[in-house]
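[1] Dropping a prediction and its sequence here:
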Amino acid sequence: MGRRGFSSTWLLLLVGFLAVVVSLLPSCATEIKTSATEWSFRLLLPSGVTGAESLAFDARGQGPYTGVSDGRVLKWGGSAVGWTTFAHHANYRKLTLCTVPVASSEETESLCGRPLGLAFHLKSGDLYIADAYKGLMRVSPDGGEAEVLATGAGGVPFNFVNGIDVDQATGDVYFTDSSLTYPRRYI
């Protein structure tokens, strides 16, 4: 018992010593000096659409690309060109209500699509799109109609596809389905 008390005393002294040493080390969280913003730049979206939920730049540094409320993915071409349609779901060209605003986007996005997440696979140039209603889609570097890759998994349809990322080393695509119960229009 006496030997155990001796070991416990040394253990307490060692812990106390380490606590003092650690408290003298510089903190892992350090202050970062930042400079004041000297200018800002705001890109206004085309009239009649809302967004941007996600931004992406391609391998050439072009963009940004963003998804908007009428189902399109837009690309910024600079101040001389402005925003152009880069990608869309097949319904965008087939349904007039997607191209001519006759109702609010909340009422039409389940038909036209609502791209919420964008990520490029830099090696192939393909843009992967997480669309809240249309699922996981992909479009080539040239843009155009996006190919639907998945609308569900294991027999369960997606409800609210949202965030997306591409592993640049493997090409694997990761995305989220934000709700098992409710689609975007009910959240």
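    Perfect, thanks for sending it.
[2] Name the next helix or strand following the helix or strand containing residue 148 along the chain.
    Following DSSP states H and E, one finds residue 148 within strand 147-150. Using DSSP H and E, the next helix or strand after strand 147-150 towards the C-terminus is strand 152-153.
[3] Report the strands that pair with that following strand, each with its relative direction.
    strand 156-157 (antiparallel) (DSSP bridges).
[4] quick one: strands adjacent to whichever helix or strand comes after the partner strand?
    The helix or strand immediately downstream of strand 156-157 is strand 161-166, counting by DSSP H and E. Applying DSSP bridges, strand 161-166 is found paired with strand 173-177 (antiparallel).
[5] hmm, back to that, pull out the buried residues from the strand holding residue 148.
    residue 148 (16 or more other Cβ atoms under 10 Å). Where you see a C-beta, it was placed from the backbone N, CA and C, and this is true even at glycine.
[6] And that strand, what does it pack against?
    strand 135-139 (3 or more Cβ pairs under 8 Å, 6 or more residues apart in numbering; DSSP states H and E).
[7] what helices or strands is the strand it packs on leaning on?
    Strand 135-139 packs on strand 83-88, strand 127-131, strand 147-150, strand 161-166, going by 3+ Cβ pairs under 8 Å, 6+ apart.
[8] List the contacts of it.
    For strand 135-139, the surrounding residues in contact (Cβ atoms under 8 Å, 6 or more residues apart in numbering) are 73, 86-87, 89, 115, 126-131, 145-152, 158, 161, 164, 173, 175.
[9] Mind doing that once more with 6 Å?
    Outside strand 135-139, the residues that touch it by Cβ atoms under 6 Å, 6 or more residues apart in numbering are 87, 126-129, 131, 146-151, 158, 161, 175.
[10] ok, now stretch 110-126?
    Here stretch 110-126 makes contact (Cβ under 6 Å, 6+ apart) with 53-54, 56, 58-59, 65, 67, 70-71, 73, 89, 91-92, 95, 98, 127-134, 138, 141, 162-166, 168, 171.
[11] same thing with stretch 61-69?
    Stretch 61-69 is contacted from outside by 49-57, 73-76, 86, 105, 115, 118, using Cβ under 6 Å, 6+ apart.
[12] Narrow those residues to just the buried residues.
    49, 51-54, 56, 73-76, 86, 105, 115, 118.
[13] From those, which one has the minimum pLDDT?
    In terms of pLDDT, residue 105 ranks lowest among the buried ones among the contacts of stretch 61-69, with 74.
[14] Setting aside sequence neighbours, what's the nearest residue to that residue?
    Residue nearest to residue 105 in three dimensions, not counting chain neighbours: residue 69, with 3.6 Å by Cβ to Cβ, 6 or more residues apart in numbering.
[15] Any idea how many residues pack against that neighbour?
    22 (other Cβ atoms under 10 Å).
[16] What of residue 127?
    Quick note: residue 127 (other Cβ under 10 Å) scores 27 neighbours.
[17] Let me see the contact set for it.
    120, 139.
[18] That one bridge partners, please.
    Here residue 127, judged by DSSP bridges, has bridge partners residue 120, residue 139.
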